[in-house]
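Q: Compute the structure for the input listed below.
(chains A and B, ligands or ions: 3)
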Amino acid sequence: MDVTFSVNGERVRVDVEPRHTLADVLREQCGLTGTHLGCEHGVCGACTVLVDGQPARACLMFGVQADGSSVVTVEGLAGDDELHPLQEAFVVHHGLQCGFCTPGMLISAMHLLDTDPEPTREKIREQMSGNICRCTGYIGIVDAIAAAADVMRSGDTGVSDRVSARAQETPSHIEEPKRSPPPGG
Amino acid sequence: MKCAPFDYVRAASVDEVIRTLVGANGEGKILAGGQSLVPVLALRMARPSVLVDINRIPGLGTVTRDGSDVQVGTLTRHSVLAEQIHHPLLAEAARWIGHTAIRSRGTAGGSIAHADPSAELPVVAVGTGATVTMAGPGGTRSLPAGELFVSALTTSLAEDEMITSVRFPVPSRWGFAEFARRHGDFALVIAVVAEIEDSVRIALGGVGAIPVRAAAAEQVLANGGTAREAAAAASNEISPTADLHGSAPFRRAMAAEMVRRALAQAGVN
Ligand SMILES: Cc1cc2nc3c(=O)[nH]c(=O)nc-3n(C[C@H](O)[C@H](O)[C@H](O)COP(=O)(O)OP(=O)(O)OC[C@H]3O[C@@H](n4cnc5c(N)ncnc54)[C@H](O)[C@@H]3O)c2cc1C
Ligand code: FES
Ligand code: FES
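A: Ligands and ions are numbered 1, 2, ... in the order given. Take a look at the predicted model:
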């Protein structure tokens, strides 16, 4: 079936098999492999994308259902030269290790900060409860989202410096933050 | 973990859904939020040959106050239910369903039709005495929620019927309590208390194959007994089974505690 939708602001038109999930279509037909598939039955959250502004499991929607929608994937976060503040914060605060869960974490966190720019740590934990991470132990993820929220509220540029500055204040991180490759690759 | 092939029909009206289901001869399935059906398909626990997507049918996703009831369209997303102000008990229950990304797509009618023994909305439906309206080849009919649930994941809906809306009476006082292992997990035990027309109704989920009224506990209250006595009665009248997540005595104890909390929240002492 022919479907047309927008992904990260770009219009795509693909011929999809109905049984293929939105995640399959994004990964295999749009070449956007940032959306990861872990469990393929809605539990892990790795495949979370935004569909018309709302977070959705891309493994629980069929590609045909996206017809006419606008989809945002992790590839839509970074600008041309700069990572999104959330991505910066995940790097600095050790919000990822293997990176498998990270695309879903970032999309869920972005939706959280869109709806609540000043979440408590409690609220962050609650809102991120649908995303499973087998590596980090979550502390770094919560730290990163809290730090990104501060940066995004302050609203100006020079994002990475300030995220790093926050990292120095956090006692749990002893090492000088190192740069890792951007998540979602 | 991929679904078997199926034909996909994007229905534009309820009539088209019924026609397609009739034409599919029992091989058709309605696709609403997909939050329960797609996992079932991915795990190949079901292999329908036709999926009828009802998501684009207009007018089925609204919540409206109608006298002493609230009418919930079948496509009302859990996230919308959680935010509406007409029925605070429903809003509270919806907040306990899964996670944000599940609530943004999962629907009220889908949850009722799926009839998971640990799901929140079926317990609220039984607790408040809701009425489920469905369309079928012979027109529409309505059924009390208590008569819809047959056993775990099974309702009395025919294969060519579709739920169109659910009417929930608004309680004058209410309480909702749930015990789950982790935030967003399916419940181990749910208790709903709803005072409707001066009588206190109590329903429990997670303690059997379908949501049940705690009739003995309700009777204790009607006879002037205390909340504590009612909670004890509730835990005695159920017959929970043991599973991976808890033994039968544990579920009994949890049921008593959840009833106690829900009654306290409702202000019933
Ligand atoms: C990770 C995860 C966690 C979850 N946690 C919870 C939880 O804590 N509590 C909870 O209650 N639920 C939970 N759910 C399930 C969720 O609430 C589903 O949204 C709901 O059970 C089904 O609604 P749906 O709209 O997604 O229906 P679908 O998945 O589309 O359909 C489910 C079934 O109902 C049928 N159906 C759907 N609509 C109709 C209709 N109008 N008429 C007749 N039949 C219909 C379908 O044919 C199918 O058999 C969870 C799901 C996931 C993936
Ligand atoms: S892959 Fe979609 S939730 Fe796990
Ligand atoms: S970083 Fe490995 S699963 Fe989260």
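
Q: make it CA atoms for all contacts and neighbour counts henceforth
A: OK.

Q: Give me the three-state assignment for B:Ser142.
A: State at B:Ser142, reduced to three classes by DSSP: H, G, I helix; E, B strand; the rest coil: strand.

Q: any idea how far the residue nearest to it when sequence neighbours are not counted lies from B:Gly33?
A: Distances taken as C-alpha to C-alpha, 6 or more residues apart in numbering or on different chains place B:Thr133 nearest to B:Ser142, at 4.3 Å, with adjacent residues excluded. From B:Thr133 across to B:Gly33, the span is 19 Å (C-alpha to C-alpha, to the nearest Å).

Q: which of those two has more neighbours?
A: B:Gly33 (27 against 20; other C-alpha atoms under 10 Å in any protein chain shown).

Q: Can you verify A:Ser129 is assigned to a helix?
A: Yes. Counting by three-state DSSP, A:Ser129 is located in a helix.

Q: Contact partners for it?
A: Neighbour list for A:Ser129: B:His99, B:His183, B:Gly184 [criterion: C-alpha atoms under 8 Å, 6 or more residues apart in numbering or on different chains].

Q: Tell me the one of the residues you listed nearest chain A?
A: Lowest distance from chain A to those (C-alpha to the nearest C-alpha) belongs to B:His99, with 5.2 Å.

Q: so how far is ligand 1 from B:Val52?
A: Here B:Val52 is placed at a distance of 8 Å from ligand 1 (C-alpha to the nearest ligand atom, to the nearest Å).

Q: Does ligand 3 have contacts with the longest helix seen in chain A?
A: Looking across chain A with DSSP state H, the single longest helix is helix A:139-154. No. Using C-alpha under 6 Å from any ligand atom, helix A:139-154 stays clear of ligand 3, coming no nearer than 8.9 Å.

Q: Are that helix and chain B in contact anywhere?
A: No. Helix A:139-154 stays clear of chain B (C-alpha under 8 Å from any C-alpha of the partner chain), getting no nearer than 15.8 Å.

Q: what comes up buried for that helix?
A: Residues of helix A:139-154 classed as buried: A:140-152 (neighbour count, 16 or more other C-alpha atoms under 10 Å in any protein chain shown).

Q: Likewise for stretch A:68-80?
A: For stretch A:68-80, a neighbour-count test (16+ other C-alpha under 10 Å) marks A:Ser69, A:Ser70, A:Val71, A:Val72, A:Thr73, A:Val74, A:Glu75, A:Leu77 as buried.

Q: Tell me who's in contact with the first one.
A: If I follow you right, that is A:Ser69. By C-alpha under 8 Å, 6+ apart, the contact list for A:Ser69 reads A:Phe5, A:Ser6, A:Val51, A:Asp52.

Q: switch the cut-off to 6 Å
A: Contacts for A:Ser69 (C-alpha atoms under 6 Å, 6 or more residues apart in numbering or on different chains) come out as A:Phe5, A:Asp52.

Q: Please apply the same query to the fourth one.
A: Listed by C-alpha under 6 Å, 6+ apart, the contact partners of A:Val72 are A:Val7, A:Asn8, A:Val49, A:Leu50.

Q: let's see it at 8 Å
A: A:Val7, A:Asn8, A:Gly9, A:Val49, A:Leu50, A:Val51, A:Gly53.

Q: Name the residues of chain A found near chain B, please.
A: Within chain A, the positions lying close to chain B (C-alpha under 8 Å from any C-alpha) are A:18-20, A:40-42, A:48, A:54-57, A:60-61, A:126-127, A:129-130.

Q: Kindly recompute the last result at 10 Å.
A: A:1, A:17-21, A:24, A:39-43, A:45, A:48-51, A:54-62, A:64-65, A:108, A:111-112, A:125-131 (C-alpha under 10 Å from any C-alpha of the partner chain).

Q: Quick one: buried ones out of those?
A: Buried among the residues of chain A next to chain B by 16+ other C-alpha under 10 Å: A:17-21, A:24, A:40-43, A:45, A:48-51, A:54-62, A:64-65, A:108, A:111-112, A:125, A:127-131.

Q: Quick one: the helices in chain A, in order.
A: Per DSSP H, chain A carries helices over the ranges A:22-24, A:85-92, A:102-115, A:121-127, A:139-154, A:159-169.

Q: Now distance to ligand 1 too, for those, in CSV please.
A: Shown next, in CSV, are those (distance: least, C-alpha to the nearest ligand atom, whole Å):
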stretch, distance to ligand 1
helix A:22-24, 15
helix A:85-92, 24
helix A:102-115, 13
helix A:121-127, 13
helix A:139-154, 20
helix A:159-169, 32
